[in-house]
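Next one to model:
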Amino acid sequence: MFDKVLIANRGEIAVRIIRACREMGIKTVAVFSEPDREALHAQLADESVCIGSAKAADSYNNMKNIISAAVEKKVQAIHPGFGFLSENSTFAAMCEECHIKFIGPAPSVIDAMGNKSNAREMMIKADVPVIPGSDGVVENIEQAYEIAEKLGYPVMVKASAGGGGKGIRIVRKKEELQKAYESAKAETKAAFGDDTMYMEKVIENARHVEVQILGDNFGNVIHLGERDCSLQRKNQKVLEEAPSPAISPEVRERMCAAAVRAAKATGYQSAGTIEFLYDKSGNFYFMEMNTRVQVEHPVTEMITGIDIIKEQVRIADGKELSVKQENISIQGHAIECRINAENPERNFAPCPGLIDYLLLPSGGLGIRVDTAVYEGYEIPPYYDSMIAKVIVLGKDRKEAIAKMKRALYEFIISGIETNIEFQNRILHNEEYLAGEYDTSFIEKKLIEWKD
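Model (predicted):
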């Protein structure tokens, strides 16, 4: 097993990885930017190294500085977490060149699945259902018009190299297509340095359902069931639950089998996620693959008892999966609420600042809080606004919802604004309680909600 691992990330995911490594007897090295000098991950790790200034490009996305820190501290592996460099094939290749194990899939797999149009073609060959769309890249606006007419409006213009909701535009009529196409190209060029686009038919009133998979170096690929991630705002997930309240046992079996086929088609070796759109008619379609651990991985851990981070580390170290598919058992229902430092009443504006009082809802069976904040910590304005994840496990969905309501009631934080009350609005909504929601739910049902 590795002796020492560097965590190329910050916040709650860095803390999560440090804790898993400590339980495995592995020493850890944290990297931090200047504003994160007092951050929890920098304090919990066995060693810490400053890698740059506040700007992510100068620190958490600075490949040269991170590799230099890894070489200096003599680590055997780097865990990238999520975001930042987690799906950067260049960084993964640099790790290999420096004889440092990248805890994730091979650079070639990251490249193959990171290009959404290429991934789509691979899924077709693997007999995984895909959304009707363009055959490869859309080269110009004239071709875009032709494809849109063939598919029928509404259509979605999507960046091949996109992620995090960037480079995506929904077009409902012909007159909107050129502006959407050009703005999406410009956005993805600025964000990813790649402005290639493709198009898909918009699946109206769909749910976003994803399947967690694990693959090792011996050809073993298993799934850990599905998560429902339909509750989103501007393509960013807000609340997730597992299992999905909308999926029948028969659909679940077919969807999870398709996810395993998808992972095997790529030769996948790590933790990853196959994302699907699920429509009102019971059909599901491949959307994309995330070649990293997901923010919402704890809900799957809660219902399976499998530590996904530890499995990632074991796989990277050349070990076989610790479990087989027949050993996986889904028990109960889990929900995760993302707690952000933001003000929902001011269009969800970020609210960095000093936390002068904090009480976490950490008591009681089946309640987990993943966070890196503490009383007296000052949230910097330079990074993502997520400050905590509250995860609960109940014997069924009704109990899980009740536990989450109780947990949020006990989550007290002052000095900054948060979205805790907004999460409560979701949990008290009758349609949510009935499990009747899709990806448009928050925008349509809650954004205009008032007391």
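
Domain ranges for the protein, per the record?
4-103, 132-201, 207-446 (automatic domain parsing).

of the ones you listed, which approaches Ala119 most closely?
In this view, these are compared for proximity to Ala119 by CB to CB, and domain 207-446 is the closest at 6.0 Å. Backbone N, C-alpha and C define where each C-beta goes, glycine included.

separation between Ser108 and Ala92?
From Ser108 across to Ala92, the span is 9 Å (CB to CB, to the nearest Å).

if you count what's nearby, which of the two comes out ahead?
Ala92 (26 against 13; other CB atoms under 10 Å).

List the contacts of the strand or helix carrying that one.
Element membership of Ala92, judged by DSSP states H and E, is helix 89-97. Applying CB atoms under 8 Å, 6 or more residues apart in numbering, the contact partners of helix 89-97 are 8, 63, 66-67, 70, 78, 80, 85, 101-102, 104-108, 110-111, 114.

Is it possible to mark the buried ones in these?
Among these, those classed as buried by 16 or more other CB atoms under 10 Å are 8, 66-67, 70, 78, 80, 85, 101-102, 104-107, 110-111, 114.

of the residues you listed, closest to Ala56?
Comparing those against Ala56 with CB to CB picks out Leu85 as the nearest, at 9.9 Å.

so that closest one, which of the three states?
Assigned by DSSP: H, G, I helix; E, B strand; the rest coil, the conformation of Leu85 is coil.

Test my guess that it contacts Arg10.
No. In this structure, Leu85 is not within contact of Arg10 by CB atoms under 8 Å, at 11.8 Å.

The longest strand along the chain - contacts with which helices or strands?
In the chain, taking DSSP state E as the definition, the longest strand is strand 221-233. Contact partners of strand 221-233 among helices and strands, from 3 or more CB pairs under 8 Å, 6 or more residues apart in numbering; DSSP states H and E: strand 207-215, strand 236-242, helix 249-266, helix 297-304.

Next, the angle strand 221-233 makes with the longest one.
Spelled out, it's helix 249-266. In terms of direction (axes from the mean of the first three to the mean of the last three CA atoms, to 10 degrees), helix 249-266 departs from strand 221-233 by 110 degrees.

If you count contacts, what does the next helix or strand after helix 249-266 end up packed against?
Using DSSP H and E, the next helix or strand after helix 249-266 towards the C-terminus is strand 270-278. For strand 270-278, the elements it packs on are strand 207-215, helix 249-266, strand 284-290, helix 308-316, judged by 3+ CB pairs under 8 Å, 6+ apart.

How far off centre is strand 270-278?
The chain centroid and the centroid of strand 270-278 are separated by 10 Å, computed with CA atoms, centre = their mean, to the nearest Å.

same deal with stretch 158-167?
Going by CA atoms, centre = their mean, where stretch 158-167 is centred and where its chain is centred differ by 14 Å.

same question, stretch 26-43
Put simply, stretch 26-43 sits 22 Å off its chain's centre (CA atoms, centre = their mean).

Which positions within that stretch qualify as buried?
When burial is assessed from 16+ other CB under 10 Å, stretch 26-43 yields the following buried residues: 26-33, 35-36, 39-42.

go on, stretch 437-451?
By 16+ other CB under 10 Å, the buried positions in stretch 437-451 come out as 437-439, 441-442, 445-446.

try stretch 330-343
The neighbour-count check on stretch 330-343 (16+ other CB under 10 Å) flags 330, 332-343 as buried.

okay, how far is it across it, tip to tip?
Counting by CA to CA, to the nearest Å, you get 36 Å between the two ends of stretch 330-343.

for this structure, what are the low-confidence residue spans?
Residues of the chain that meet the criterion pLDDT under 70 lie in 162-164, 448-451.

Swap in 50 and give it another go.
449-451 (pLDDT under 50).

For Thr196, see how far away Ile308 is.
Per CB to CB, Ile308 is found 32 Å from Thr196.

show me what contacts the residue nearest to Lys185 when sequence neighbours are not counted?
Distances taken as CB to CB, 6 or more residues apart in numbering put Asp195 closest to Lys185, at 4.3 Å, once the chain neighbours are dropped. Residues near Asp195 by CB under 8 Å, 6+ apart: 159, 185-186, 188-189.

how about a cut-off of 10 Å?
Asp195 is in contact with 159-161, 167, 182, 184-189, counting by CB atoms under 10 Å, 6 or more residues apart in numbering.

How about Ile303?
224-225, 227, 241-243, 328-334, 393, 400.

What is the most widely separated pair among those residues?
Spatial extent of these (CB to CB) is set by the pair Ile328 and Ala400 at 19.6 Å.

of the two, who's got more company?
Neighbours per residue (other CB under 10 Å) separate Ile328 from Ala400, with Ala400 holding more: 24 against 17.

nearest spatial neighbour of the more buried one, skipping sequence neighbours?
Distances taken as CB to CB, 6+ apart place Gly394 nearest to Ala400, at 3.4 Å, with adjacent residues excluded.

Pretty sure that neighbour sits against Gly364.
No. Contact criterion CB atoms under 10 Å: Gly394 and Gly364 do not qualify, at 11.1 Å.

Overlap in contacts, these two.
Contact with both Gly394 and Gly364 is made by residues Lys403, according to CB under 10 Å, 6+ apart.

Looking at those two now, which is surrounded by more residues?
Gly394 (19 against 11).

Break down the stretch 351-451 of the chain into its helices, ranges please.
397-410, 420-428, 430-433, 441 (DSSP state H, counting those that start in this stretch).

Point out the most buried one among those.
The highest average neighbour count among the helices of the stretch 351-451 of the chain, using mean count of other CB atoms under 10 Å, belongs to helix 441 at a mean of 21.

hmm, back to that, so how far is the helix holding Ala92 off the chain centroid?
Here helix 89-97 shows a centroid-to-chain-centroid distance of 21 Å under the convention CA atoms, centre = their mean.

Tabulate the CA atom coordinates of that helix in CSV.
Extracted in CSV, the C-alpha atoms of helix 89-97 (Å, rounded to 0.1, in the frame of the first residue of the first chain):
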residue,chain,number,x,y,z
SER,A,89,-5.5,14.3,-18.6
THR,A,90,-2.4,16.4,-18.9
PHE,A,91,-2.0,16.4,-15.2
ALA,A,92,-2.6,12.7,-15.0
ALA,A,93,0.1,12.1,-17.6
MET,A,94,2.5,14.4,-15.8
CYS,A,95,2.0,12.3,-12.7
GLU,A,96,2.9,9.2,-14.7
GLU,A,97,6.0,10.8,-16.2
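
In contact with the spatially closest residue to Ala265 that is not a sequence neighbour, which residues are there?
Counting by CB to CB, 6+ apart, Ala265 lies nearest to Ala126, which is 3.7 Å off, once chain neighbours are set aside. By CB under 10 Å, 6+ apart, Ala126 lies in contact with 258, 260-266, 286.

Distance of Ala126 relative to Lys150?
For Ala126, the distance to Lys150 (CB to CB) stands at 24 Å.
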